[in-house]
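>>> Have a look at this fold, sequence not included:
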């Protein structure tokens, strides 16, 4: 087109910048931006909005914000592009502030805007705010959108209200693949494994073609339920749909075998992979080694991971924990020293509970909360009841070398227990206590919360970094397999 001296206009430029956004080609987008400036279209609301959207989706949020602020006139595309850009980068507060400003300016927001903001609420586990935005979607007739539907399923699932996610899914008139995938991963995370398999069958029956994300969802469900043969079946089924397994699929398959204790088989899968094993593949294997206390294989996996180059703090911590779990504290200390030498900080374990429009956050041994006295008193009362019911602290989960009594004291005040105790003294008896956690729940806390649910007669829902645990009457939905 340019070669034949045909000048692009306000219709062509937005289409071209949209293509750059889809492909993530920021470099070509910049060249287009230069051409837009040369041809004088930078003040056109449609062209400028498409540029904001492109920069936002390519992660260049500062450039997008500068253009957005300089626009003499903005439309729903420019607002939505900025909100999505902030949401994509995890700058949730900025995204919510912009959405609030858009509503204040009486912008006629669309389903894409709502979808982005609902994802912010889902990722921040802001259930009450998410419910308010759901109500706004209903009032503006945007609740019929598949984009909004997918985000609502994600919101309710990530906030521990799986029943509402099912309701949104069942009431949807038109379900796109995104909605099916959102419901599948929700089922997998909440241990509704058979329901996930049933949904996959429904998809096949309705002629909905699964994609690579769909198979990741069902493999995840198999992995966290210990269904090795089922997982193998779905992995092989991918080829029938013309989908070539990627590194994430292999990581899920390795995780499936590793969690089931089939570590040699998992290692064979890695060695026979047609693609180079990634950090996530070796990380899945390392997780299996840690669960089953196989430190020799864990060390072998760690060596392979470090050969890949710089890795995240999670890998160092995983190796350190694998050593500490079998009493090799010197090796664990070396792994942690490596973290410090590289200047990498271990992520602090946090648990939080939403109460109305406020989020209460706790760290292990935290004594900063205004209700600290009542929280610790509640834990002491519960501790006595739990011991009478048969609870015995498992100090093997204290991953440092200290004496027995100190280990018991250390484990007693983990962040999830403080959050549960806060819920017990704050919420009415008929309300489930929902606790969110950024790291994996430790084995002893998992056992302790089962006893807490039994002694208190309460439903306690805990979300750790990869799944939900529904505790009721001394039992957990994961069946102690996670």
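In hand now; what should we look at? It should be emphasised that the depicted structure is a prediction, and the values quoted were computed from it without experimental measurement.
>>> Run the chain-centre distance for the top helix by length along the chain.
When the chain is parsed with DSSP state H, its longest helix is helix 372-388. Between the centre of helix 372-388 and the centre of its chain there are 31 Å (Cα atoms, centre = their mean, to the nearest Å).
>>> in that helix, what counts as buried?
Buried positions in helix 372-388, judged by neighbour count with 16 or more other Cβ atoms under 10 Å: 375, 376, 378, 379, 382, 383, 386. Quick note: C-beta positions are derived from backbone N, CA and C, even for glycine.
>>> hey, where'd the helices end up in the stretch 1-150 of the chain?
Secondary structure of the stretch 1-150 of the chain (DSSP state H, counting those that start in this stretch): helices at 12-23, 26-39, 45-57, 61-70, 76-88, 92-104, 111-123, 127-139, 146-158.
>>> for the longest helix of the chain, what is the average pLDDT?
Across helix 372-388, pLDDT averages out at 94.
>>> Stretch 70-86 too?
Mean predicted lDDT for stretch 70-86 stands at 92.
>>> Was I right to think residue 119 contacts residue 148?
No. Taking contacts as Cβ atoms under 8 Å, residue 119 lies outside contact range of residue 148: 10.4 Å.
>>> Which of these two has more residues huddled nearby?
residue 148 (27 against 23; other Cβ atoms under 10 Å).
>>> Distance check, that one against residue 80.
13 Å (Cβ to Cβ, to the nearest Å).
>>> Show me what stretch 272-285 is in contact with.
Residues outside stretch 272-285 that contact it (Cβ atoms under 8 Å, 6 or more residues apart in numbering): 246-248, 250-252, 254-255, 258, 263, 266-267, 270, 297, 301, 304-305, 308, 311-312, 314-315, 318.
>>> what do you get if the cut-off is 6 Å, keeping everything else the same?
Outside stretch 272-285, the residues within contact range by Cβ atoms under 6 Å, 6 or more residues apart in numbering are 247, 250-251, 254-255, 258, 266, 270, 301, 304-305, 308, 311.
>>> Can you list the buried residues in that stretch?
Buried, per 16+ other Cβ under 10 Å, within stretch 272-285: 273, 277, 278, 279, 280, 281, 282, 283, 284, 285.
>>> Enumerate every residue touching residue 433.
Residues in contact with residue 433 (Cβ under 6 Å, 6+ apart) are 423, 460.
>>> could you redo the last one with a cut-off of 7 Å?
When contacts are counted by Cβ atoms under 7 Å, 6 or more residues apart in numbering, residue 433 is found next to 420, 423, 424, 427, 458, 460, 461.
>>> contacting residues for residue 126?
Contacts of residue 126 by Cβ under 7 Å, 6+ apart are residue 354.
>>> And residue 185, which helix or strand is it part of?
Per DSSP states H and E: residue 185 is located in helix 177-189.
>>> Which SSE is immediately downstream of the lowest-mean-pLDDT helix or strand in the chain?
When each helix and strand of the chain is scored by mean pLDDT, DSSP states H and E, helix 404-412 comes last, with a mean of 60. Moving toward the C-terminus from helix 404-412, the next helix or strand (DSSP H and E) is helix 415-426.
>>> now the angle between helix 372-388 and that following helix, please.
100 degrees (axes from the mean of the first three to the mean of the last three Cα atoms, to 10 degrees).
>>> what does helix 415-426 contact?
Contacts of helix 415-426 (Cβ under 7 Å, 6+ apart): 349-353, 355, 360, 362-364, 366, 371, 374-375, 378-379, 433, 435, 437, 441, 445, 448-449, 452, 456, 458, 460, 462.
>>> what about the closest residue to residue 123 other than its chain neighbours, distance to residue 67?
In space, and not counting its chain neighbours, residue 123 is closest to residue 92: 6.7 Å by Cβ to Cβ, 6 or more residues apart in numbering. Distance, residue 92 to residue 67, using Cβ to Cβ: 22 Å.
>>> who's more crowded, the two?
Using other Cβ under 10 Å, the more surrounded residue of residue 92 and residue 67 is residue 67, with 22 against 17.
>>> which residues does that one contact?
Neighbouring residues of residue 67 by Cβ under 7 Å, 6+ apart: 48, 51, 52, 55.
>>> Looking at the contacts of helix 415-426, which are in strands?
Among those, DSSP state E puts 350-353, 355, 360, 362-363, 433, 435, 437, 460, 462 in strands.
>>> Please list only the buried members of these.
Buried among the ones in strands among the contacts of helix 415-426 (16+ other Cβ under 10 Å): 350, 351, 352, 353, 360, 362, 433, 435, 437, 460, 462.
>>> Looking at the residues you listed, which one is closest to residue 237?
Checking these against residue 237 with Cβ to Cβ, the nearest one is residue 462 at 32.5 Å.
>>> The closest one bridge partners, please.
The partner list for residue 462 in beta bridges (DSSP bridges) reads residue 435, residue 469.
>>> Let me know the pLDDT of it.
Residue 462 is given a pLDDT of 96.
>>> and what of the one 3 residues further on?
Reported pLDDT at residue 465 in the predicted model: 85.
>>> how close does it get to residue 433?
In terms of Cβ to Cβ, residue 465 sits 19 Å off from residue 433.
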